[in-house]
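Chemist: Pasting the sequence and the predicted coordinates here, then a few questions.
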Amino acid sequence: MDPAGGCPHADNARLLARGAVAPVVLPGEVEGMAVLGHDALKEFLAHPEVAKGAAHFTALREGRIATGWPLMTFATVRGMTTADGEDHRRLRSLVSKAFTARRVEQLRPWIKELTAALLDDLHHAAESGGGVADLRRHFALPLPMGVIGELLGVDAEHRDRLHHLSNQVVATDIGPEQAVAANRELVGVLNAVAAARAEQPGDDLTSALIAARDEEGDRLSQEELIGTLVLMIIAGHETTLNLITNAVRALCGHRDQLEMVRKGEADWADVVEETLRWDAPVSYFPFRYPVRDLTLDGTVIPKGTPVLAGYSAAGRDQAAHGPDADRFDITRPGRTGAARHLSLGHGAHYCLGAPLARLEATIALERLFTRFPDLDLAVPEAELSRHSSFVGNSVRALPVRPGTSRL
């Protein structure tokens, strides 16, 4: 795996041509596997003999993973994404109430208000920037960070720093000292957030988790509390940030698709689902481990091997999505059923925040292109700098020309 990331699709196509499951070398010369094919990934994600707990990671258990390994947090953070069985159900149940359909729908008016304010910010940034503004910085980032910050009760003063730190945690090209420092500071900031909410509880998820820790200590430990906050911060904004950014890039590069939405021949939900398939916000997510030698699509994955879930590859697997899988098409059939994309997961670990991410993205896109109907990229797509990670899949900045604002 290229630690510097880059556009994954060419590499994905090369690997998929060789099979649905591929051996890969992770940073630090750690041997792993990647599941890239749609059908193979769907089977793997729901397989009863595949675990998430780091105790099943053979090389880690045997002490063969160096301190400061850039992917260590994904393996060892205490929370839903590294828990199995009853522990997973316990931790998920503590968080799930914040993401019910009713709770998410209650957020709609507030998300619309925040979106409108951020569009004003984007307009002002473009006015002071010669007609050009970074959409990622002024719109796609503060929207999901604001939402997850509100849900968790994170004061605005911490949000920029938390984004910076979580960005380093998902990077795969940083050195050991930088990785250790970023993780240590992230935990420190979140401990401060938890301490503030313990002193002044509110109607937020952090306060609810603290109450569960204090009132029912067997339901949540302090380490699990902080681990859950780490996961919520990272998953709660990085993925939606990439989703909105990638959708805007896709529509700017496919004006015919944008016009179809404007004519009512498709809707913004179609744009979101096709973006999730065509340019998944998470490219390769770490880790899962077979609890025994597992044969998948004719390839043996040895017990205890760290396995990456190849969401961006599965989204363009021609075996599942047809010979035109590389084409962005918001009218593509298959939003439901066997060929539905897997970019938000599958099985017991399906993304808890999926309804919220979809709501944020549909509101963001609809309001953005209504306010700025002529919005376009300010530089060619090929000149956009990619994230230094094979986990997150997007660009570092998205300079756009919003054009005339229509209030």
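Modeler: Received it, and whenever you're ready, just let me know what you need. Numbers count the residues shown, from 1 in each chain.
Chemist: Show the average pLDDT along stretch 125-144.
Modeler: Across stretch 125-144, pLDDT averages out at 96.
Chemist: Can you get me the start-to-end distance on that stretch?
Modeler: Terminal residues of stretch 125-144 lie 19 Å apart, using CA to CA, to the nearest Å.
Chemist: Centroid-nearest residue for the protein?
Modeler: Nearest to the mean C-alpha position of the chain, by CA atoms, centre = their mean, lies Thr239 at 2.6 Å.
Chemist: May I have the predicted confidence score for it?
Modeler: Thr239 is assigned 93 on the pLDDT scale.
Chemist: Okay, buried residues for the longest helix along the chain please.
Modeler: Secondary structure of the chain per DSSP state H: the longest helix is helix 222-253. Across helix 222-253, burial judged by 16 or more other CB atoms under 10 Å covers 224-252. C-beta coordinates here come from the backbone N, C-alpha and C atoms, glycine included.
Chemist: Quick one: residues contacting the residue nearest to the centre of the chain.
Modeler: Counting by CB atoms under 8 Å, 6 or more residues apart in numbering, Thr239 makes contact with 281-282, 351, 353, 357.
Chemist: Point out where the stretch 201-350 of the chain drops to low pLDDT.
Modeler: 216-218, 334-339 (pLDDT under 70).
Chemist: Strands along that one, start to end?
Modeler: Applying DSSP state E, counting those that start in this stretch to the stretch 201-350 of the chain gives strands spanning 284-290, 294-296, 299-301, 307-310.
Chemist: swap in the stretch 1-150 of the chain?
Modeler: Taking DSSP E, counting those that start in this stretch as the criterion, the stretch 1-150 of the chain carries its strands at 21-26, 30-35, 50-51, 133-134.
Chemist: From the contacts of Thr239, pick the one nearest Leu152.
Modeler: Within the contacts of Thr239, the smallest distance to Leu152 is 11.7 Å, found for Gly353 (CB to CB).
Chemist: can you count the residues close to the closest one?
Modeler: Using other CB atoms under 10 Å, Gly353 has 24 neighbouring residues.
Chemist: Nearest residue to it in space, please, no chain neighbours.
Modeler: Phe99 (5.6 Å; CB to CB, 6 or more residues apart in numbering).
Chemist: His247 contacts Arg358, doesn't it?
Modeler: No, residue 247 isn't His; it's Ala. No: Ala247 lies out of contact with Arg358 (CB atoms under 8 Å); the separation is 11.3 Å.
Chemist: so what sits against both of these two?
Modeler: Contacts common to Ala247 and Arg358, judged by CB under 8 Å, 6+ apart, are Val272.
Chemist: what's the burial count for Gly63?
Modeler: What Gly63 shows, counting by other CB under 10 Å, is a neighbour count of 7.
Chemist: still on that earlier bit, will you turn the strands of the stretch 201-350 of the chain into CSV that also has distance to His163?
Modeler: Output for those, formatted as CSV (distance: least, CB to CB, whole Å):
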stretch, distance to His163
strand 284-290, 19
strand 294-296, 36
strand 299-301, 34
strand 307-310, 24
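Chemist: so which of those strands gets nearest Arg316?
Modeler: Judging those by CB to CB, what sits closest to Arg316 is strand 307-310, at 10.2 Å.
Chemist: list the buried ones in the closest one?
Modeler: 307-310.
Chemist: just curious, which of those residues is nearest to Lys42?
Modeler: Using CB to CB, Ala309 comes nearest to Lys42 of the buried residues of strand 307-310, at 10.3 Å.
Chemist: my guess is that closest one meets Leu41, correct?
Modeler: Yes: if you go by CB under 8 Å, Ala309 and Leu41 touch, sitting 6.2 Å apart.
Chemist: Spit out the residues that contact these two alike.
Modeler: Shared contacts of Ala309 and Leu41 (CB under 8 Å, 6+ apart): Val35.
Chemist: Can I get the buried residues of strand 307-310 in JSON lines including distance to Arg64?
Modeler: Formatted as JSON lines, the buried residues of strand 307-310 follow (distance: CB to CB, whole Å):
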{"residue": "Val307", "distance to Arg64": "17"}
{"residue": "Leu308", "distance to Arg64": "18"}
{"residue": "Ala309", "distance to Arg64": "22"}
{"residue": "Gly310", "distance to Arg64": "24"}
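Chemist: circling back to that earlier point, of the strands of the stretch 201-350 of the chain, give the one that comes closest to Ala211.
Modeler: Closest among the strands of the stretch 201-350 of the chain, once you apply CB to CB, is strand 284-290, at 30.4 Å.
Chemist: Name every strand pairing with the closest one and say which way it goes.
Modeler: According to DSSP bridges, strand 284-290 forms sheet pairs with strand 50-51 (antiparallel), strand 307-310 (antiparallel).
Chemist: how near is the residue nearest to the centre of the chain to Asn246?
Modeler: Going from Thr239 to Asn246 by CB to CB, to the nearest Å gives 10 Å.
Chemist: can the strands paired with strand 284-290 go into TSV with extra columns for distance to Cys7?
Modeler: Putting the strands paired with strand 284-290 into TSV (distance: least, CB to CB, whole Å) gives the following:
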stretch	distance to Cys7
strand 50-51	28
strand 307-310	14
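Chemist: Please work out which of the strands of the stretch 201-350 of the chain is packed deepest.
Modeler: Most buried of the strands of the stretch 201-350 of the chain, by mean neighbour count (mean count of other CB atoms under 10 Å): strand 307-310, with a mean of 26.
Chemist: what's next to that one, contact-wise?
Modeler: Applying CB under 8 Å, 6+ apart, the external contacts of strand 307-310 come out as 1, 12, 24, 32-36, 41, 44-45, 50, 283-290, 301, 345.
Chemist: Neighbours of the nearest residue to Val391 once chain neighbours are set aside, how many?
Modeler: In space, and not counting its chain neighbours, Val391 is closest to Val170: 4.9 Å by CB to CB, 6+ apart. Using other CB under 10 Å, Val170 is surrounded by 24 other residues.
Chemist: contacting residues around Val170?
Modeler: 234, 238, 389, 391-392.
Chemist: can you do 10 Å?
Modeler: Val170 is in contact with 5, 70-71, 73-74, 234-235, 238-239, 282, 285-286, 387-392, counting by CB atoms under 10 Å, 6 or more residues apart in numbering.
Chemist: do Val391 as well
Modeler: 1, 5, 70-71, 74, 169-172, 234, 238, 282-286, 308.
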